[in-house]
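In: how would this look folded up:
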Amino acid sequence: MQDFNYLYTNCFEITLELSCDKFPSESALPREWLANREALVSYLEQVHHGIKGMVYDENNNPISKAEISVAGISHDMTTGVDGDYFRLLLPGTYTVKASAPSYLPSSNTVTVGPAEAIQLHFYLKKAPKQSLKGKHHHGKKNISAHKASLKLGPR
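Out: Coordinates of the predicted model:
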């Protein structure tokens with residue numbers, strides 16, 4: 001489930017196993033919490049590293065399901081219904097691209113430090129509509145030529 005959620009829903013999940021005892025007694029739980037509290041809180045604080053932001057159209061409307069990709073990392077994220085995203089990243093310099101259907105993509109280079117997440121907003125412009133001028137409509141000649149090329153194979 002953890003792999004599925006990360007790959008298909010952008011959700012991180014972990015399973016913490018603190019001992020070999022699968023079902024510790026209730027009286028043992030406060031001791032386990034005290035022994036691991038500092039490490040758990042420190043781990044939770046790591047979600048504040050990387051980049052976060054919004055993806056908007058040119059009228060400042062949020063774009064849901066926009067794709068956020070980081071060059072060199074083969075796991076893209078998608079924005080939420082309100083156009084928001086968050087991407088965990090180690091300190092370093094990254095090229096980040098936002099794209100969405102019917103919009104021109106936008107890229108930025110950002111340097112992530114060891115402190116809190118860097119805000120990186122994207123404003124996507126509508127892609128120009130494709131003109132039908134100059135496009136060939138398949139008449140009988142084009143279909144015949146296409147059939148002939150299929151019979152002949154690649155040249």
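
In: for the spatially closest residue to Ala35 that is not a sequence neighbour, what are its contacts?
Out: Nearest residue to Ala35, sequence neighbours excluded (C-beta to C-beta, 6 or more residues apart in numbering): Leu18, at 7.9 Å. Placement of C-beta: from N, CA and C, glycine included. Residues in contact with Leu18 (C-beta atoms under 8 Å, 6 or more residues apart in numbering) are Glu32, Ala35, Asn36.

In: what does Asp57 give?
Out: Asp57 touches Ile63, Tyr103, Tyr123, Leu124, Lys125, Lys126, counting by C-beta under 8 Å, 6+ apart.

In: Just the ones of those residues in strands?
Out: Judged by DSSP state E, the contacts of Asp57 include Tyr123, Leu124 as members of strands.

In: Please pick the buried ones from the contacts of Leu18.
Out: Among those, none is buried by neighbour count (16 or more other C-beta atoms under 10 Å).

In: What is the longest helix of this protein by residue count?
Out: For the chain, the helix that runs over the most residues, judged by DSSP state H, is helix 29-45.

In: What residues of it count as buried?
Out: For helix 29-45, burial by neighbour count (16+ other C-beta under 10 Å) applies to no residue.

In: How far does it sit from its chain's centre?
Out: 30 Å (C-alpha atoms, centre = their mean, to the nearest Å).
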